[in-house]
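Student: give the three-dimensional model of this entry:
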Amino acid sequence: MRRALGVNTWVWASPLSDATLETLAGKIARLGFTAIELPVEQPGDWSPERARGIVAEHGLAPVVVGAMGAGRNLVAAPRDQIAATQAYLMHCVDVAHALGSSSVAGPFYTETGRTWRISDSARQGLYDELRDGLAPVVAHAEAAGVRLAVEPLNRYETSLINTVDQGLGALGPLLGGGLGLALDSYHMNIEERGIAPAIRSAGTHIAHVQVCGNDRGAVGGDNTDWPAFLDALDDAGYAGPLVLESFTGDNDTIAVAASVWRPLASSQDALAEDTLGFLTAMQTERYPR
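Tutor: Below you'll find the model as predicted:
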């Protein structure tokens, strides 16, 4: 099926602000994207009410993503830290509701980059703790008509949920209208033995999909089997957007967090344009109107 194509503002800037969004929304629409991914790094960085008007003016469908920075943990953490993380995630849900976004995506379990050795028995206990921590957030999301989308990350960014199978096992009975999975092609390229089978196993639990080249650069001309990727999404019945998530190396915080040590394209605009061109051509060929 033909899907909307979007891009995360992290391709150009971090953190997002009202002024930055004013500029980027126009650029993203002129490039030809129809969806925009808006990160909530810190509550108050930008106004959801103002953003709703901006994205609507440019005909862009909004998607909200969270950022699990230092001290944001739902497991193996002090009670007050878990409560603060729940409050942050509920804020992200409220932002999504205000914007008209149907989902909020991110690695909603521990701060990104937190890794430690976990035995099999300890892992099950952590998954129990994660479900307990997520339960009130999922209830809040479902009441707001928003679906939380939990993203597996690669082994260098987390030791808790790396694969689709782990995500399904960890979230178990909470999966449904208020909770699903966010799949990111970059992480899947590292962790999944087979990307297409993993997508199919996620099935109706797929709530959001992010894409980029296997090097975090543009989609297309990389090692990913994109026809197989789209075939699997078709089989899974996923009808949501495909959103480019990559990063600029010009921002110290995001460059270090994402290990962006070299330019991933001739320019950030080119990274977005090349991705859009490749996916548009592929969808046009596969799904003629």
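Student: skip ahead from the helix or strand of the chain with the lowest mean pLDDT and say which helix or strand is next.
Tutor: Across the helices and strands of the chain, mean confidence by mean pLDDT, DSSP states H and E is lowest for helix 252-257: a mean of 74. Next helix or strand after helix 252-257 toward the C-terminus (DSSP states H and E): helix 268-286.
Student: where in this structure is pLDDT low?
Tutor: 252-253 (pLDDT under 70).
Student: which residue ranges of it form strands?
Tutor: For the chain, applying DSSP state E gives strands covering 5-8, 35-40, 61-66, 103-106, 147-150, 179-184, 206-211, 242-244.
Student: select, out of those strands, the one closest to Gly194.
Tutor: Gly194 sits nearest to strand 179-184 of all the strands of the chain, at 13.4 Å, using Cβ to Cβ. Heads up, the C-betas are built off the backbone N, CA and C, glycines and all.
Student: gap between the closest one and the chain center?
Tutor: Relative to the centre of its chain, strand 179-184 is centred 8 Å away, using Cα atoms, centre = their mean, to the nearest Å.
Student: go on, stretch 23-40?
Tutor: The answer for stretch 23-40 is 15 Å, by Cα atoms, centre = their mean.
Student: cool, stretch 133-146 as well?
Tutor: The answer for stretch 133-146 is 17 Å, by Cα atoms, centre = their mean.
Student: go on, stretch 267-279?
Tutor: Worked out by Cα atoms, centre = their mean, stretch 267-279 lies 18 Å from the chain centre.
Student: check stretch 213-223 too.
Tutor: 17 Å.
Student: buried ones in it?
Tutor: Within stretch 213-223, the residues that count as buried by 16 or more other Cβ atoms under 10 Å are 213, 216-220, 222.
Student: between the residues you listed, which is nearest Asp45?
Tutor: Of the buried residues of stretch 213-223, the one sitting nearest to Asp45 (Cβ to Cβ) turns out to be Arg216, at 23.1 Å.
Student: in this structure that closest one contacts Asp184, no?
Tutor: No. Counting by Cβ atoms under 8 Å, Arg216 sits too far from Asp184 to count as a contact (10.4 Å).
Student: contact partners of stretch 13-26?
Tutor: Here stretch 13-26 makes contact (Cβ atoms under 8 Å, 6 or more residues apart in numbering) with 9, 12, 36, 38-39, 41-42, 45-47, 50-51, 54-55, 57-58, 60, 247-248, 251, 253-254.
Student: whoops, stretch 78-98 was the one
Tutor: Contacts of stretch 78-98 (Cβ under 8 Å, 6+ apart): 40, 43, 48-49, 52, 62, 64, 66, 71-75, 77, 101-104, 106, 108, 133, 136-137, 140-141, 144-146, 148.
Student: which of the residues you listed are buried?
Tutor: Looks like those have 40, 48, 52, 62, 64, 66, 72-75, 77, 101-104, 106, 108, 133, 137, 140-141, 144, 146, 148 buried, using 16+ other Cβ under 10 Å.
Student: quick one on the thing from earlier: give me the subset of the contacts of stretch 78-98 lying in helices.
Tutor: 48-49, 52, 133, 136-137, 140-141, 144 (DSSP state H).
Student: circling back: out of the buried residues of stretch 213-223, which two sit at the greatest distance?
Tutor: Applying Cβ to Cβ across those, the maximum distance is between Arg216 and Gly220, 13.5 Å.
Student: okay, now the residue nearest to Gly178 when sequence neighbours are not counted: neighbour count?
Tutor: Excluding the flanking residues, the one nearest Gly178 by Cβ to Cβ, 6 or more residues apart in numbering is Glu142, at 3.2 Å. Residue neighbour count, defined by other Cβ atoms under 10 Å, stands at 16 for Glu142.
Student: so who does Glu142 touch?
Tutor: 176-178.
Student: thinking again about what came up before, narrow the contacts of stretch 13-26 to just the buried residues.
Tutor: 9, 12, 36, 38-39, 41, 45-46, 51, 54-55, 58, 60, 247-248, 251, 254.
Student: one step back: using JSON lines, lay out the strands of the chain together with distance to Thr163.
Tutor: Formatted as JSON lines, these follow (distance: least, Cβ to Cβ, whole Å):
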{"stretch": "strand 5-8", "distance to Thr163": "22"}
{"stretch": "strand 35-40", "distance to Thr163": "23"}
{"stretch": "strand 61-66", "distance to Thr163": "20"}
{"stretch": "strand 103-106", "distance to Thr163": "17"}
{"stretch": "strand 147-150", "distance to Thr163": "12"}
{"stretch": "strand 179-184", "distance to Thr163": "10"}
{"stretch": "strand 206-211", "distance to Thr163": "14"}
{"stretch": "strand 242-244", "distance to Thr163": "20"}
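Student: this completes my enquiry, with thanks.
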